[in-house]
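**Q** Give me a model of this one.
(chains A and B)
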Number of protein chains: 2
Amino acid sequence: MISPRCAACKYLRRRCPSDCIFSLYFPPNDPQRFACVHRIYGASNVAKILQQLPPNLRAQAADTLYFEAHYRIQDPVYGCVGIISQLYQQIHNAESELAKTQAEIAFLNCNPQEEVQPIEANYSNFNNLLPNQYCPPSTQNSWFN
Amino acid sequence: MISPRCAACKYLRRRCPSDCIFSLYFPPNDPQRFACVHRIYGASNVAKILQQLPPNLRAQAADTLYFEAHYRIQDPVYGCVGIISQLYQQIHNAESELAKTQAEIAFLNCNPQEEVQPIEANYSNFNNLLPNQYCPPSTQNSWFN
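**A** Model (predicted):
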């Protein structure tokens, strides 16, 4: 029985060699995964990145390349850097919230009869951040330069 | 006077045309910037991404492409996805810290004579995160799949 070609070799319309660098990380049942990385990096650049790594790290590298390519296709301007920017914004909000809480505790220590309501965290839905959400960076980040 | 070639045309050893897609975003005084994106994406993929965008968005796209390429070279396994993972970890830590603070406030409301010390935020150094720091993702993230 002939083993099926991997998604990369199918996409590239070539025979899938036994030592194919793509086959373990781009299975035939997920053609979109290879199409994504091919569109952003090109097959030869993906192959180069994978080949320079020891085999035990290649699966994770293929995953992160796919992740970045996927977000670059969704958002050609910011790619997954938009997520980083959004997370920084949420951390900034959390820092403000925490400073407020610290002030409340300080107030409570000076006025022990007062009652302070527990604060509502405004960053409790991080797990919903990634799929289909995006907020463009609000400021020019100095870490690009 | 002949205007100098941009970093991309210098790198590619070609004449820099007046409508060069790279010239505004890859100035000759920063050859490393183009070398980075060329190594990860290839010149034609970068050109394609820039060309499909309106001119007012291309500078930001070039910046984020450079940012991602830079981190992919530094860390061929995780690239800038490692930063996202690290930020999620810090947010998780902050959520735990906030839950602790809320519990302290609740305790204080029930025992108004007790004194609670303001908590120390353990995520106050985000601004130092990006340059030369990296923490590999501690868990397999479901958002790759």
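**Q** Now do the helices in chain A.
**A** Under the criterion DSSP state H, chain A contains helices at A:7-11, A:31-40, A:43-51, A:55-74, A:81-110.
**Q** Any residue of the helix or strand of chain A with the lowest mean pLDDT touching chain B?
**A** Least confident helix or strand of chain A, by mean pLDDT, DSSP states H and E, is helix A:81-110 with a mean of 85. Yes. Using C-beta under 8 Å from any C-beta of the partner chain, helix A:81-110 reaches chain B at A:81-84, A:87-88, A:90-91, A:94-95, A:97-98, A:101-102, A:104-106, A:108-109. No exception for glycine: its C-beta is placed from N, CA and C like everyone else's.
**Q** Against which helices or strands is that helix packed?
**A** Packing contacts for helix A:81-110, counted by 3 or more C-beta pairs under 8 Å, 6 or more residues apart in numbering or on different chains; DSSP states H and E, involve helix B:55-74, helix B:81-110.
**Q** change it to 6 Å
**A** Counting by 3 or more C-beta pairs under 6 Å, 6 or more residues apart in numbering or on different chains; DSSP states H and E, the packing neighbours recorded for helix A:81-110 are helix B:81-110.
**Q** Just checking the distance from the helix it packs on to the centre of its chain.
**A** Centroid displacement of helix B:81-110 relative to its chain, using C-alpha atoms, centre = their mean, to the nearest Å, is 23 Å.
**Q** Tell me which of the helices of chain A lies nearest to B:Tyr11.
**A** In terms of C-beta to C-beta, the element of the helices of chain A nearest to B:Tyr11 is helix A:43-51, at 15.6 Å.
**Q** Show the average pLDDT along the closest one.
**A** If you average the pLDDT over helix A:43-51, you get 97.
**Q** can you pull the alpha-carbon coordinates of that helix into PDB?
**A** Presented in PDB, the C-alpha positions along helix A:43-51 are these (Å, rounded to 0.1, in the frame of the first residue of the first chain):
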ATOM      1  CA  ALA A  43       8.200  26.100   1.300                       C
ATOM      2  CA  SER A  44      11.900  26.500   1.200                       C
ATOM      3  CA  ASN A  45      12.100  28.900   4.100                       C
ATOM      4  CA  VAL A  46       9.900  26.600   6.200                       C
ATOM      5  CA  ALA A  47      12.100  23.600   5.300                       C
ATOM      6  CA  LYS A  48      15.300  25.600   6.200                       C
ATOM      7  CA  ILE A  49      13.900  26.500   9.600                       C
ATOM      8  CA  LEU A  50      12.900  23.000  10.400                       C
ATOM      9  CA  GLN A  51      16.100  21.400   9.000                       C
END
